[in-house]
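**Student:** Predicted structure and sequence below. I'll ask about it afterward.
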Amino acid sequence: MANIPEMVASSADSPGEIYDSINIPVKDAVKLYKKAILWSFAISLGPIMEGYDVILLGSFFGLDKFADKYGSPGIAGKRVISAAWQSGISCGMLAGCIVGLVLNSMLAERIGYKITLIGSLLMTCVFICMTFFAENIATIEAGAVLIGIPWGVFQTLPLTYIAEVIPICLRGYMATSINLCLVTGQLIASGVVRAFSTRTDEWSYRIPLGLQWAWPLPIIVFTIFAPESPWWLVRQGRVEDAKKSLRRLTSPTCGISIDIDREISIIQATNEQEIFLSNGAGLADCLKGVNIRRTEIAIVAWMIQTLCGFGLVSYAVVFLERAGLSQTNAFSFNIGIFGLGWLGTLGSWVLLEKIGRRTLYLAGLAGMFVLLIGIGVLGACTQGSGVSWAIGCLLLVLALVYDITIGPVCFAIVSEVPATRLKIMSMGIARSFYNLFFIITNILVPRMISAESWNWGAKAGFFWAGSCLILAIWTYERLPETAGRSFAEIDLLFEHQVPARDFAKTDISQFSFELENVQKANDFTEERVERV
């Protein structure tokens, strides 16, 4: 399981052979936990749906038939969706997400992950009706706000589930796969919108909207049959159910089996340790004692995604069009940007466990700082097609750097830093701050770029480079390395206020008193895995 620091493996040839779970071959972990991996991917279809929906509505703003139906008269009599409505719809969705995150924080720990997710999917089915059958832009706005509520659940619940059912050596890969799911949804939406954009009737946007109904039903079916998180079941005192769930998450017939009782004892020990170290498991407890630091790290790690200058990437197409690229090719180029998200996430898997979360975050911010300075310098030069091409290409490189580092790695960090008893609530707070600052950057970036507003153009790179520098300093001083650490180990490191820079090299055996409390239920350092 995700909190086991060591595994003791035995085989017919080598009985009692000892492996460290951090270094156990990934292929063995994949065999043992292949069911957990498959169930995690099934639950992660929610973020794919979210990625699809987010891109969908934004893409419609430039669609003529959508503007004819819901827009108002613009220049030369052509109907357009006003900037005010565009901002209102985009920000409304994010506001709905914040509401959903709050509800998820209150409900998931009480009624379970599965029931919360199924309820959110049913809400999605209903709220899709509002946008599909909408007759005016105000109904579109209302539908966007309401559909944002279940999206708030999809933003954190699948990630929490993954963190609790996947073992240490695979946890980083599976957590970052959430970014892959989001990008997959964005790619699908971009392809669907382009495929139907040539239609000259209302179905050019209604069909893509209707396709949203294709997502909830299969996800509901998968969720019904998925095992509940053993960690949640243990926290509810349902130990026997937790054992049944764990059996369904592992594959003992693959040649490796685990001692279920011993595994559950370790989960119980970690839960008891967190109770011992910090009483309470409510929303307010995220801001008390040592949990303040853990919540701060989750908040800022997620905020970095919005404050590192990545928002400029969406304007790469604008600069390429200025350089002479046709609108059709520019749209295809935009799809390519989402493709970079796929490649970047896969690339991060190669580096994640070798380099670590903290180093990748620092490297990403440093790389983006240099690129943003370059973009700012080009923005200060005399503008021409060559300069526009250079800016557009640098923005694409910026996207690739982000997608290898900050984009996917953030999900690993925020799933590991909070205490397990407060994970749902801490992640809800952190993601709410992300959405809040995403609203702010959505307001700032268009004004920076637009010639009718602040008219900074590419010189906005200087502003975001400064932001990157500040965030890099915070990362160096405050972001700990959690790679390869069990949840119990992370608890102890935070409880003893170990500096972020020392997390990776600190030996937790020095914290003997707390280890005794962990070892009450089980010898904290070992788990028996028998080869069959």
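**Tutor:** In hand now; what should we look at? Owing to the predicted nature of the structure, the values given are computational and were not obtained by experimental measurement.
**Student:** Quick check: residue 364 touching residue 400?
**Tutor:** No. Applying Cβ atoms under 8 Å as the test, residue 364 and residue 400 come out as separate, 10.6 Å apart. Where you see a C-beta, it was placed from the backbone N, CA and C, and this is true even at glycine.
**Student:** Look at those two and report which has more neighbours.
**Tutor:** Neighbours were counted for residue 364 and for residue 400 using other Cβ atoms under 10 Å; residue 364 has more, 26 against 19.
**Student:** which stretches of the stretch 201-350 of the chain aren't confidently modelled?
**Tutor:** 253-255, 278-280, 321-323, 325-331 (pLDDT under 70).
**Student:** can you pull out the helices in it?
**Tutor:** Using DSSP state H, counting those that start in this stretch, the helices found in the stretch 201-350 of the chain span residues 203-210, 216-225, 230-235, 239-249, 260-277, 291-307, 316-322, 327-355.
**Student:** closest to residue 95 out of the ones you listed?
**Tutor:** Proximity of the helices of the stretch 201-350 of the chain to residue 95 was assessed by Cβ to Cβ; the nearest stretch is helix 291-307, lying at 15.2 Å.
**Student:** Just give me how far that closest one sits from the chain centre.
**Tutor:** For helix 291-307, the distance from its own C-alpha centre to the chain's C-alpha centre is 13 Å (Cα atoms, centre = their mean, to the nearest Å).
**Student:** what's the domain layout of this protein?
**Tutor:** When the chain is parsed with the TED database, its domains come out as 25-226, 278-483.
**Student:** Redo these as a markdown table? Include distance to residue 249.
**Tutor:** Output for the domains of the chain, formatted as a markdown table (distance: least, Cβ to Cβ, whole Å):
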| stretch | distance to residue 249 |
| --- | --- |
| domain 25-226 | 4 |
| domain 278-483 | 16 |
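**Student:** Figure out which of the helices of the stretch 201-350 of the chain is closest to residue 37.
**Tutor:** helix 239-249 (9.3 Å).
**Student:** which residues does residue 347 contact?
**Tutor:** Residue 347 makes contact with 403, 404 under the criterion Cβ atoms under 8 Å, 6 or more residues apart in numbering.
**Student:** any idea how far it is from residue 176?
**Tutor:** Distance, residue 347 to residue 176, by Cβ to Cβ, to the nearest Å: 10 Å.
**Student:** Kindly report the same for residue 161.
**Tutor:** Distance, residue 161 to residue 176, by Cβ to Cβ: 15 Å.
**Student:** which of the two has more neighbours?
**Tutor:** Comparing residue 161 with residue 176 by other Cβ under 10 Å, the one with more neighbours is residue 161, at 28 against 25.
**Student:** Could you look up the next helix or strand downstream of the helix or strand in which the more buried one is found?
**Tutor:** Using DSSP states H and E, residue 161 sits within helix 157-165. Per DSSP H and E, helix 157-165 leads on to helix 168-196 as the next helix or strand towards the C-terminus.
**Student:** helices and strands around that next one, which ones?
**Tutor:** Contact here means 3 or more Cβ pairs under 8 Å, 6 or more residues apart in numbering; DSSP states H and E; on that basis helix 168-196 packs against helix 26-32, helix 34-43, helix 45-60, helix 157-165, helix 203-210, helix 327-355, helix 406-416.
**Student:** And those: which comes nearest residue 223?
**Tutor:** Closest of the helices and strands packed on helix 168-196 to residue 223 is helix 34-43, at 6.6 Å (criterion: Cβ to Cβ).
**Student:** Now tell me which helix or strand of the chain has the poorest mean pLDDT.
**Tutor:** The weakest-scoring helix or strand in the chain, judged by mean pLDDT, DSSP states H and E, is strand 18-19 (a mean of 30).
**Student:** pLDDT weak spots in the stretch 401-532 of the chain?
**Tutor:** For the stretch 401-532 of the chain, the stretches flagged by pLDDT under 70 are 512-532.
**Student:** let's see it at 50
**Tutor:** In the predicted model of the stretch 401-532 of the chain, residues 518, 520-532 satisfy pLDDT under 50.
**Student:** Residue 143 touches residue 130, doesn't it?
**Tutor:** Yes. The criterion here is Cβ under 8 Å, and residue 143 meets it with residue 130 at 3.3 Å.
**Student:** Any chance you could list residues touching both of these two?
**Tutor:** Counting by Cβ under 8 Å, 6+ apart, nothing touches both residue 143 and residue 130.
**Student:** Mind checking which of these two has more residues around it?
**Tutor:** Legend: neighbour count by other Cβ under 10 Å for residue 143 and residue 130, higher for residue 143 (24 against 17).
**Student:** Surely residue 399 is in contact with residue 339?
**Tutor:** No. Using Cβ under 8 Å, residue 399 is not in contact with residue 339; the gap is 10.0 Å.
**Student:** Contacts for stretch 371-381, please.
**Tutor:** For stretch 371-381, contacts defined as Cβ under 8 Å, 6+ apart pick out 309, 312, 387, 390-391, 394-395, 397-398, 401, 456-462, 464-465, 468.
**Student:** Of those, keep whichever come out buried.
**Tutor:** Neighbour-count burial (16 or more other Cβ atoms under 10 Å) is assigned, among the contacts of stretch 371-381, to 309, 312, 387, 390-391, 394-395, 397-398, 401, 456-462, 464-465, 468.
**Student:** Could you check how far the closest residue to residue 211 other than its chain neighbours is from residue 172?
**Tutor:** Using Cβ to Cβ, 6 or more residues apart in numbering and skipping residues adjacent in sequence, the residue nearest residue 211 is residue 192, 6.3 Å away. Distance, residue 192 to residue 172, using Cβ to Cβ: 31 Å.
**Student:** Looking at the two, which is more packed in?
**Tutor:** Shown here are residue 192 and residue 172; by other Cβ under 10 Å, residue 172 has more neighbours (26 against 18).
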